[in-house]
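>>> here is my input; please provide its structure:
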Amino acid sequence: MTTQQRGTILLVAMCFVAVLALVLGSFMAVGSQATTLSDRAFMKDVSKQLAEAGLESALNAFASNAFGTWTHPSPNVATAILTFPSAHYGTGGADTKAYVRVENFRQIDLSTNRAAVWNFYTTYNTNDIIWYQGVWYRCKQTANNTHLPSDTFFWTCVPGAWSPLATYYPESIVLAGGAGYRCLVKNINHDPLVASPYWTTQVTSPWNEVTNYPADAIVLLGGTAYRALLSNSNHRPPDSTYWLSPPIIFSEGVVSYPNSNTPSINTQLQALVAPGSLFPNVMGAGITVQINSTGMVDSYNSCIAPYGTYFDNQAESFSAVVAGMHNSGRGVSLMSTPIIKGYVAANSRPTAPYSPRWTYDLGATVTGYPAVLGVVNQNRISRSPYVPSFNPMISLPTGEPFDESSTSLGFPTDTAPRIYTKSLGLYLDNATQKITVDGPVIMVISGPLHIDHGQIIVGPNGSLEIFLTGQFTNGVDGSSMGGIVNLTRDPLNPDPTRLLIVGTNTNLSLSGGNQMCSHLPFCGVIYMPSAALNVNNGGTDIYGALSAQYVIFDGAGTVSMHYDTTLRVSGTIGHLTDAPFLVSEIRELSDPASRVSLY
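Numbers count the residues shown, from 1 in each chain. The predicted structure is shown next:
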């Protein structure tokens, strides 16, 4: 091989090596870039998980009013920084934090009742924020139970997304279809997007730092509506001195690596908060609802008008939900020919066609408006039952003793519940045994509550919460004398939220056990999460809701159950169950202009 040939081969070899080096270098660059992108994708996922953990922490503090260890930059704002072990997120030594800010939380000082459910017995102070019939309100000046949140002289409506469940009063502000609307006439389930006498347009605009906003101006930022409390300019929401909003949580997850060229990754979430409801169904069962009789289940809204007198929106009478959670058997069973004006919800079967676990006899009805009797409308059968289970308050303070000889409990002037305790059960067997509740009262009964011919009467100024560990019997089959009578608010339109019965017994007997047998109308709510509740009242009207492991209407007489739709947005009822708050709306604030500075 000549020298020239060897030189040629060398040049070829050098070119090949150069090309190979270039390819390898490109491959390494691509690999490095892929690693960087993978790291950033992982960090983004982690940052979102951290933000969600911050939301969860804030919700827990909201429910338990546990903001004592948080920082309070202003009276109704709480902030916290949550840190997490880096070992939970790989071996790279990531620094992981969640920065959380909560606006309009419930203050520890109970003289200010921020973000609480409106209470008949509470006197509210200026700037208190309360939940009333599905809407948040801010107190403008000291208000008692004669000044309902619908009174615009004492209360200001907090703007929010329109809900078909809420009751709206004149001057309520809602968002629908990206536009603002102001309520003209008290209503429920009247869509602002449909022309009607109930709503008119309300000017809304994105917030900016140059506009001089007058009081009551409505602006949008991060998808949330804010109402100006004072005339202002360049005061960015959610500054609660100048802007009114629902209780709101901002949570930002931040992930960064030490000694890394990769910048930190942030995810900020915004969540609106609302109280959870224990009674979204007319009948809710952890296992089965079984109706073995004729009759009707329907709904009404007691805040609009008494049952049977409100015909402006007929669909409101067809929204009751019968829900059963059975996972291996029938969640709902409609025997005979009951009429359900509303919906049935039961879990689906595990195999195709995944039909809901329920059954019905020929002639049963599930219908919407206008009613079609004798037919089951399959569009009103759901595979997604929701039967919430809140923890009963097992530990309650000891109160004043009472017994069967008591005639009156509580006083109309009381502003907080009086607790009365009875051991070995309460037995009201005789017609002469009548207990009248004249104020806010909690009965703690160790053992059964057995009402034969006696009565418990909840007067116009009263409210009654009954906590019992034994069997519950309300009236005797065939008797029209005994039972619990609710005369709150208006004898023709009692308030079911002012009569709550919570039982912790575990009697699952489907033919005995806990019994509703009174032929007196019952208006209230019953919660027995571990027991069966049997109704055998000969068709007497029940206004409110029932929740138990089993809810059974036997074949005697007819079912006559009327669901008060205000229970869907009532929030916590009484003091005998825990008080969860839920996220009613959540969004990621991906636009930096919409984000709130949290650190």
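
>>> can we go C-alpha only for contacts and neighbour counts from here?
OK.

>>> sheet-wise, list the partners of the helix or strand harbouring residue 341 with their directions.
Secondary structure assignment for residue 341, by DSSP states H and E: strand 338-346. Strand 338-346 has the following strand partners under DSSP bridges: strand 294-300 (parallel), strand 320-324 (parallel), strand 365-367 (parallel), strand 381-382 (parallel).

>>> for the helix or strand just after that strand, name the packing helices and strands.
Where DSSP H and E defines the elements, the next helix or strand beyond strand 338-346 is strand 358-360. Here strand 358-360 is seen to pack against strand 332-334 when contacts are counted using 3 or more CA pairs under 8 Å, 6 or more residues apart in numbering; DSSP states H and E.

>>> by contact count, what packs against the strand it packs on?
Packed on strand 332-334, when contacts are counted by 3+ CA pairs under 8 Å, 6+ apart, are strand 283-291, strand 320-324, strand 338-346, strand 358-360.

>>> can I get those strands in CSV including distance to residue 574, mean neighbour count and mean pLDDT?
What follows is the helices and strands packed on strand 332-334, written out as CSV (distance: least, CA to CA, whole Å; neighbours: other CA atoms under 10 Å; pLDDT from 0 to 100):
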stretch, distance to residue 574, mean neighbour count, mean pLDDT
strand 283-291, 19, 28, 96
strand 320-324, 23, 30, 97
strand 338-346, 27, 27, 96
strand 358-360, 33, 19, 95
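
>>> between those, which one is closest to residue 246.
Comparing the helices and strands packed on strand 332-334 against residue 246 with CA to CA, the closest turns out to be strand 320-324 (28.0 Å).

>>> please state the offset of the closest one from the chain centre?
The chain centroid and the centroid of strand 320-324 are separated by 17 Å, computed with CA atoms, centre = their mean, to the nearest Å.

>>> who's in contact with that strand?
For strand 320-324, contacts defined as CA atoms under 8 Å, 6 or more residues apart in numbering pick out 280-289, 297-299, 330-332, 340-347, 385-387, 562-563, 565.

>>> any regions of the stretch 301-450 of the chain where pLDDT drops low?
Scanning the stretch 301-450 of the chain with the threshold set as pLDDT under 70 gives 310-313, 394-395.

>>> where along it do the strands fall?
320-324, 332-334, 338-346, 358-360, 365-367, 381-382, 400-401, 408-409, 418-423, 426-428, 434-437, 440-446, 449-451 (DSSP state E, counting those that start in this stretch).

>>> do you know which of those strands lies nearest residue 526?
With CA to CA, the closest approach to residue 526 among these belongs to strand 449-451: 13.3 Å.

>>> partner strands of that closest one, parallel or antiparallel?
The partner list of strand 449-451 in its sheet, established with DSSP bridges, is strand 426-428 (parallel), strand 472-474 (parallel).

>>> circling back: wait, which of the strands of the stretch 301-450 of the chain is closest to residue 549?
strand 320-324 (8.8 Å).

>>> so residue 269 is in which element?
Residue 269 belongs to strand 265-275 when elements are defined using DSSP H and E.

>>> and that strand, what does it pack onto?
Packing contacts for strand 265-275, counted by 3+ CA pairs under 8 Å, 6+ apart, involve helix 3-64, strand 248-256, strand 581-588.

>>> what's the shortest one in contact with?
With CA under 8 Å, 6+ apart as the test, strand 581-588 has contacts from 59, 62-63, 267-276.

>>> of those residues, the lowest pLDDT goes to which?
Among the contacts of strand 581-588, residue 63 carries the weakest pLDDT, at 78.

>>> returning to that earlier point: reformat the contacts of strand 581-588 as TSV; add neighbour count.
Output for these, formatted as TSV (neighbours: other CA atoms under 10 Å):
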residue	neighbour count
59	21
62	25
63	18
267	24
268	28
269	22
270	26
271	22
272	20
273	22
274	24
275	22
276	21
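
>>> picking that back up, name the strands paired with the strand holding residue 269 and say parallel or antiparallel.
As defined by DSSP bridges, the strand partners of strand 265-275 come to strand 248-256 (antiparallel), strand 581-588 (antiparallel).
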